[in-house]
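Enquirer: fold the stuff below for me.
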Amino acid sequence: MAPPILSLEDVWLHQGEGWLFEDLTLHVGPKDRLALIGRNGAGKTTLFRMLADQVELDKGSRTLVPGKQVVILEQDPDMSGHERLIDWVTDGEGAPEAHAAEAIADQMGIDLERPAKTASGGERRRAAIARALALEPDLLLLDEPTNHLDLAAIDWLESWLQRYTGAFIVISHDRTFLSRLTRSCLWLDRKTLRRAEVGYGGFEKWMEDVLEEDRRQLEKLDEKLRQETEWLHKGVTARRKRNQGRLRKLFELRQQRAAMIGMQGKAALGLAKDDAKTKVVIDAQEVTKRYDERTIIDNFSLRIQRGDRIGIVGANGAGKTTLLKLLTGELTPDEGSVTLAKTLSGIVVDQQRKLLDPKKKVRDVLAEGGDWIEVRGSKKHIKGYLKEFLFDPGLSDALIGTLSGGERHRLLLAREFARESNLLVLDEPTNDLDMETLDLLQEVISDYQGTVLLVSHDRDFLDRTVTMTLGLDGSGKVDIVAGGYEDWAKRRKERRVETKKAKPEGEKQAAPTTKATKLSYKDQRDFDRLPGEIERIEGEIVKAEGAMADPDLFTKDPDRFAALTKKLEQLRADKDAAEERWLEVAEKAEALA
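Expert: Below you'll find the predicted structure:
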């Protein structure tokens, strides 16, 4: 095993009224791929700052091999005082060269010449990633790197990190991201740091084993401490079992929905054969929506039933929000119709935590200052309801200003889910959430009796939650797939193969007179060059989609919007053609092997 490049040994750190860390030790190797996991407030970001030598230790030591560099990708870096994004990226001692950062930004689809003040959250995040990666550090500390990124940008970042030769530690709520990239786990738990040489996929089982061993060790200790640890263990185990039960139910619902959908275009026929018609809450028929010459949604039909949980996915600019607004009646289609059930009563979960008055108390937000809250027709005591949303009941009189960002998000979820409704609309609900709140949100959505419309880039969350996925590729076509994100991704791959294999009717193939022993010159050339060409085109697509992610682009620069739309259509056509050609020659190569 290679010696560590960075070590923390016997570290103690005092914060607030007590110790945040006690006797913490960590060694980071030159090739480590570590997931850092812990409850909200456990100190994950503080640990990052310790590793980067931004926090003075009360006890213990930090040792970095001379010449090695550590870089943090922060969640929300301060860009004030900088006119353009590029000015922030290249500012300060040890900042990257402009050309290096711009090369990465170009691949991610972000123009660093944009004014820093008006840049969106996604643009600021891409700029921060460009800066961090361009520095080529020996240890990269990634704090929620996928926040505000679309699927194309997340895929690009995953590919970059898979090729990265240094070490990294990542804090993320994106389970798919963690599972694909990490080989070891760090768990911040009750002031200590534990490590296991398993990727994130094995974390929950390892955590249960650790808690069970702790329970046995604490049997002879203080009763209160023993009960606290026992409660934690039972809570983790019980939640895992509940979620497994929910997943089994989800798969059953997906199978039922798949039978109704059948071949695309026959959904209405399948529903009309039984009493399901009375369950329809949103009926979209031959819906088309255009912006100038660009068709955003093209001839889309679907009957959404009571109880459906529908995920909407696609790259930025593909039309996800447009489709969501069409289905909820906020937008009127140019062609076709959308009919909403008269009994439909929807709520939109407000994610803008800044709108919460920091001077108000928790009970003011939930119960208008009282002790009881009306929860979907029944009364509950505020303290009991707070426990359901992972709060200490004693927080009922806490000021909003003292809550963390994750706690404010949870409070908003608690407030909204108390309301009587039968339609829940969630647009990117998982941004900035910790794992515990994600699990809670998953449970609440799974148990919700109404219909759910959910736009998200969180692949694991979609796979655990939705019964049907609507996938947009930017051409106006909407794929309707029973299942989650992985089912949609699988269907897209299958369609490419089907398209490649399809032959024009009546086409005849001459039987070969001799068996080929190797690829032709042209086939071999395409076999070798097309993977790189496809990667280049994908980079161009990400860049164009990033530019179109600006919600004000059409208003500010309609000509550029039109040009980007045309360019995207051509790039996607080029990519499809390149993929089909590569599949063709790859099959030939496989047959000759």
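Enquirer: from Arg180, how far out is Gly38?
Expert: According to C-beta to C-beta, to the nearest Å, Gly38 stands 21 Å off from Arg180. In this view, the C-beta of every residue, glycine as well, is placed from N, C-alpha and C.
Enquirer: those two - which one has more neighbours?
Expert: More neighbours surround Gly38 than the other of Gly38 and Arg180, with 19 against 15 (other C-beta atoms under 10 Å).
Enquirer: which strand residues bridge the more buried one?
Expert: Judged by DSSP bridges, the bridge partners of Gly38 are Leu188.
Enquirer: and it, what is it in contact with?
Expert: Going by C-beta atoms under 8 Å, 6 or more residues apart in numbering, Gly38 touches 44, 187-189.
Enquirer: separation between the residue lying closest to Asp189 once chain neighbours are set aside and Ala95?
Expert: Of all residues not flanking Asp189 in the chain, Gly38 sits nearest, at 6.6 Å (C-beta to C-beta, 6 or more residues apart in numbering). Computed as C-beta to C-beta, the Gly38 to Ala95 distance reads 30 Å.
Enquirer: with Lys566 instead?
Expert: Taken as C-beta to C-beta, the span from Lys566 to Ala95 is 36 Å.
Enquirer: do Trp12 as well
Expert: According to C-beta to C-beta, Trp12 stands 33 Å off from Ala95.
Enquirer: check Leu186 too.
Expert: From Leu186 across to Ala95, the span is 29 Å (C-beta to C-beta).
Enquirer: over to Pro358?
Expert: Taking C-beta to C-beta as the measure, Pro358 falls 34 Å from Ala95.
Enquirer: neighbour count winner among these two?
Expert: Neighbours per residue (other C-beta under 10 Å) separate Pro358 from Ala95, with Ala95 holding more: 14 against 11.
Enquirer: quick one, helices of the stretch 301-450 of the chain?
Expert: Counting by DSSP state H, counting those that start in this stretch, the stretch 301-450 of the chain has helices at residues 320-327, 362-367, 382-388, 405-417, 435-447.
Enquirer: and Leu530, which of the ones you listed is closest to it?
Expert: Leu530 sits nearest to helix 320-327 of all the helices of the stretch 301-450 of the chain, at 29.5 Å, using C-beta to C-beta.
Enquirer: what's the offset of stretch 134-150 from the middle of its chain?
Expert: Relative to its chain's centre, stretch 134-150 lies at 15 Å (C-alpha atoms, centre = their mean, to the nearest Å).
Enquirer: quick check: mean pLDDT across that stretch?
Expert: The average pLDDT within stretch 134-150 is 92.
Enquirer: how close does the most centrally placed residue in the chain get to Leu324?
Expert: Geometric centre of the chain, nearest residue: Asp458, 2.6 Å, by C-alpha atoms, centre = their mean. According to C-beta to C-beta, Asp458 and Leu324 sit 16 Å apart.
Enquirer: would you say His14 is within a strand?
Expert: Yes - assessed by DSSP: H, G, I helix; E, B strand; the rest coil, His14 belongs to a strand.
Enquirer: quick one: it from Lys191, how far?
Expert: For His14, the distance to Lys191 equals 11 Å [C-beta to C-beta].
Enquirer: for the nearest residue in space to Met468 that is not next to it in sequence, what are its contacts?
Expert: Among residues not flanking Met468 along the chain, Ile310 sits closest, at 5.0 Å (C-beta to C-beta, 6+ apart). Contact analysis of Ile310 by C-beta under 8 Å, 6+ apart lists 304, 451-454, 466-470.
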